[in-house]
Structure formats: structure tokens, C-alpha cells
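**Q** sequence? don't have it. structure:
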């Protein structure tokens, strides 16, 4: 465990790093106590929580905040699929199998995020449920499946909205789980959500990617500060600035766009589905 | 390999010293015509091999990110070239609805490729090359629906794993955000192709981990793993990830 090297490297990018701890001495004392209590393998996690404490109060949310945000959405999705299955309207055969598999993934994501947050000494969010009255208003399989699409597409946008905040997060050795890089894990979940979204869209005879032809294209899940119809990437208007002209429809479909936490939790989007 | 087929045979002299990528000349005939960034003089090093090095020995954030962005760019070039090949000669047993999908897939990959090329600017590894790197698709069967779907699925699943596995190495948050926007579309492509090939396999156990504590997450592969799986497509060029970061 090269703690000193980490501090040294941190100091390169943040000269105040040591000032962020109570005092230089406290850092090393605390490391000593922690090290006595824990096996060496768990040290990175303890370090992680020390850094988290040191950086608390800066503008950026801590990784635990980001993980709890993800967990909130996963709980919402998991409870939606529980209600979806219990409602008993899913046709037998391929649709039932697909929804069962998606549900299993969402349940696993809940367990995974909960375990990681606990291991980081955080308090995992619990008790987030899909609003019963709204679910009951979905009186057909088709209506329920449409909400599934909106939830999955929202999930993709929500993970994307926070991935950049995990840039450069070091690998952590989390007891009972192993070596985890939080950005990698978030992206691994993110792409599973995208696979779900594509499949549910395919079940609904929609294009697998967000498209201007979508039957639900006006739903707030596809709007936002950077709407899904966006054609600006990396400072370029891709319909105009590239060597070849591309249609706005192709350009928009080629990129999924982020939603901010405030946008996701707005009552017009996922926020309105909680309850 | 002759000069005519070497994409690097027309490299002009006087490339910027800090160019992050070295492309070794294709043969003795082209030795000396090397895109060589790391030398301290204007004389490029002479390397008698077919190695395309992604990345550089520089550890500055800009250079590290340029190397990784070039890695993503190379994968996008590969996919775009693949779909162009498919669309140019669609298998006769491919039904019309699926033909339209392949046209969309080609367009998305072209847009991704060009976005990365513009984002890289003169840091694109082939910015000074006369023609793009040719890809070798001779290992694939592109005359049948089954062959095309299998190949496309392989490339898309590999792409999904590549983004998940390499973005942790990128230093600039804006670049992480940009590539993440493409990575989920890549996952949508992969899911579609899997469903076309084997209905219901959109998140099969071979690509979404189905056991252990890190369950229900998609595979993540390192650049070295990804390039090893794709190496046949680059022949006779050998792509090296030795100069890309691993942590």
C-alpha cells in the first residue's frame, strides 16, 4: 500500500491536500489506528473514506453520494419490475423471459450498489418504490412496457450524467467484493441498462436507440438541458462541421445524452414515479 | 506490402516532436517514412516493423488522453469500415428490415468515427497519413446473414467491453462524458444484433456477468485484451497497446 505515493500524487494536483486533513500528524495517526484494526487488504477502502472525509464540503459530491443516486434509480426500477411481474399481464414465452432477466439484473444492481456503499462506510438508500397509484393506472401490458422503456432510457441518461464525476477514481479493494473501480462499475451497469432499453424498444417495435421516430419522443425523459435531439458534440455541430454532412436524425441517434440529477429527480421524469 | 497499400508511406517530414503516436514503417521500403513523435530531433527514427503504437511515453494528461482517444478512434474506424463493407454488398438473405438497420449502424459508426477524428485534430494517429489504415476482414464471412450478424455482434460486444474497460484510464472528465455518450449506443447496437441473431440474447451470460458478487454488469476489457481479440483485422499491421496506461 503506497499511501505516501498517493498523497504525493494528490499533492501534485491539489497542493492543499494535506491541509484538508485535520493535520498532517492526524493523517498518519489515523492511518496507524486504522491499519491496526484492518487487514491490509481493506486499507484502500479506509483510505477512500479518509479522502472522502478530507474532500467533503468541496463542490463535488462524494462517490457515496453518486452511488446512492444510482441506487435510488435502481430501487425504483427494481420495484417497477416487481410490480410489472406481479400484475400478471406479461405474455408467456419470450416477453416473460426477457422481463424476468431484466428484473434480475436490476435486483443485482441494487444489491451490488448497496454492498459497495456499505463497504465505503456509507448509508445505502432504502425504501424507494414505484408509485402504486401510477402503476395501477397502467392497465395494459403495452402501457407497462412503455414505462419500462422510459425508465431504462432514463437510467442510461442518469448514469451518463454522473460518469464524468468519477473520472480518475482509483481502484478500491472492497472486502467481500474485490478490486472495484467505481467508474468502470458504473459504466458496466450503464451499458446493461442500454441493452435493456434496446431490447424493450425492440419488443415495442421501436428503434433500439433513441430516435426522432419514437412514439414517446415528447416524453420529458428525452428532453432536458442536453436533449436527446442534440447534434453538438465536442464543440462541433455534427450536421454541419464534419467533412461529410450527416442528418440531424442520424447524429442525434448516434449519441445518448446525459440528464443531471435535478432533471432525473424532477417530478416530470423519474422523480414523479417515486412514491 | 507495397508502398501503394501502406497508409503511412506518404508521411511528410517535420511532424511535431510531441506527436504521441509512432507508426513504424511498413517494410524496408518504407522504413524512414515514420510517423514518429518521440524523437528529439527532426529526423524520425527508422523502425523496420509493422507496429502501430497507440499512446506515448509521455505521462501528461493530454498525451495520455490522446493515446486513449486514438484507441477508441481506431476501434471506430474498424467498425465503420466493417459496416461500410457490409452495406456495399449486403448478403442476399438479409431481409429488408435488417438492411435498414445496417444502414443506421453504418451511419452511427461513421458519425462516431468522425467526431473522434475531429476531437483529436492533428493528434489523430493517421492525421498525416495519405490514406486510412486498411482493415483485413478476410477472417469473416460477409456473404450470409448469419456471418454478418455474427461478425457485427462480435465487434459491438467488443466495443462495449472496450469503453467500459478503458474509460477509467482517461484523465479528462469531458472526454469521459463524450465517450460515454457513444458507449451506450454501442450497447444498444450490440443488444439489437444479438436479438437478431438469437432472439432474447440481448444481455446473454457471455457478455453480462451472471455469477459472483459483481453480478449483472457487462464485461469490461483492457485495451490489450481488446486489441488481442481484434488483431486479425489489423494485419499486416500489429497494433501495440504497450504505450497506453494500464492504471
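**A** Arrived safely. All figures in this text were calculated on a predicted structure; none of them were measured in a lab. Numbers count the residues shown, from 1 in each chain, chains lettered A, B, ... in the order given.
**Q** Scan chain B for its longest helix.
**A** The longest helix of chain B (DSSP state H) is helix B:61-88.
**Q** what's that one packed up against?
**A** Under the contact definition 3 or more Cβ pairs under 8 Å, 6 or more residues apart in numbering or on different chains; DSSP states H and E, helix B:61-88 sits against strand B:51-55, helix B:96-120, helix B:145-166, helix B:173-197, helix B:223-234, strand B:238-243. Just so you know, the C-beta spots here come from the backbone N, C-alpha and C atoms, and that holds for glycine as well.
**Q** and that helix, which residues are buried?
**A** For helix B:61-88, burial by neighbour count (16 or more other Cβ atoms under 10 Å in any protein chain shown) applies to B:63-83, B:85-86.
**Q** picking up where we left off before, which of the helices and strands packed on helix B:61-88 sits closest to residue B:207?
**A** helix B:145-166 (5.2 Å; Cβ to Cβ).
**Q** before we move on, back to that, report the angle between the longest helix of chain B and helix B:223-234.
**A** Counting by axes from the mean of the first three to the mean of the last three Cα atoms, to 10 degrees, helix B:61-88 lies at 40 degrees to helix B:223-234.
**Q** so how far is helix B:61-88 off the chain centroid?
**A** Centre-to-centre, helix B:61-88 and its host chain are 4 Å apart (Cα atoms, centre = their mean, to the nearest Å).
**Q** Ok, stretch A:105-112 next?
**A** That offset, for stretch A:105-112, works out to 12 Å (Cα atoms, centre = their mean).
**Q** Pull the residues that contact it.
**A** Applying Cβ atoms under 8 Å, 6 or more residues apart in numbering or on different chains, the set of residues contacting stretch A:105-112 from outside is A:70-71, A:74-75, A:77-78, A:81, A:185, A:189, A:192, A:196, B:203, B:208, B:213-217.
**Q** try 10 Å
**A** Contact with stretch A:105-112 is made by A:67, A:70-71, A:73-82, A:124-126, A:128, A:151-152, A:155, A:177, A:180, A:185, A:188-189, A:192-193, A:195-196, B:203, B:208-210, B:213-218, as judged by Cβ atoms under 10 Å, 6 or more residues apart in numbering or on different chains.
**Q** Type out the PyMOL command that picks the buried ones from those residues.
**A** Buried residues among the contacts of stretch A:105-112 (16+ other Cβ under 10 Å), as a PyMOL selection:
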select buried, (chain A and resi 67+70+71+73+74+75+76+77+78+79+80+81+124+125+128+151+152+155+177+180+185+188+189+192+193+195+196) or (chain B and resi 203+208+209+214+215+216+217+218)
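**Q** residue ranges with poor pLDDT in chain A?
**A** The model of chain A has pLDDT under 70 over residues A:1-60.
**Q** residue boundaries of the strands in it?
**A** A:172-174, A:178-180, A:232-233, A:236-237 (DSSP state E).
**Q** number of nearby residues for the residue of the stretch 1-150 of chain A found nearest chain B?
**A** Closest residue of the stretch 1-150 of chain A to chain B, Cβ to the nearest Cβ: residue A:108 (3.5 Å). The number of residues packed near residue A:108 is 22, by other Cβ atoms under 10 Å in any protein chain shown.
**Q** ditto for residue A:133
**A** Residue A:133: 7 neighbours (other Cβ under 10 Å).
**Q** if I pick it, what's in contact with it?
**A** Contacts for residue A:133 (Cβ under 10 Å, 6+ apart) come out as residue A:275.
**Q** what does residue B:71 give?
**A** Counting by Cβ under 10 Å, 6+ apart, residue B:71 has contacts B:54-55, B:116, B:125, B:162, B:166, B:169, B:223, B:226-227, B:239, B:241, B:244.
**Q** next one: residue A:141
**A** Residue A:141 makes contact with A:84, A:87-91, A:95, A:99, according to Cβ under 10 Å, 6+ apart.
**Q** just the buried members of the residues you listed?
**A** A:84, A:89-90, A:95, A:99.
**Q** Grab the nearest non-local neighbour of residue A:161.
**A** Excluding the flanking residues, the one nearest residue A:161 by Cβ to Cβ, 6 or more residues apart in numbering or on different chains is residue A:258, at 3.7 Å.
**Q** Test my guess that that neighbour contacts residue A:225.
**A** Yes. Between residue A:258 and residue A:225 there is a contact under Cβ atoms under 10 Å: 8.8 Å.
**Q** Between these two, which contacts overlap?
**A** With Cβ under 10 Å, 6+ apart, residue A:258 and residue A:225 have common neighbours residue A:161.
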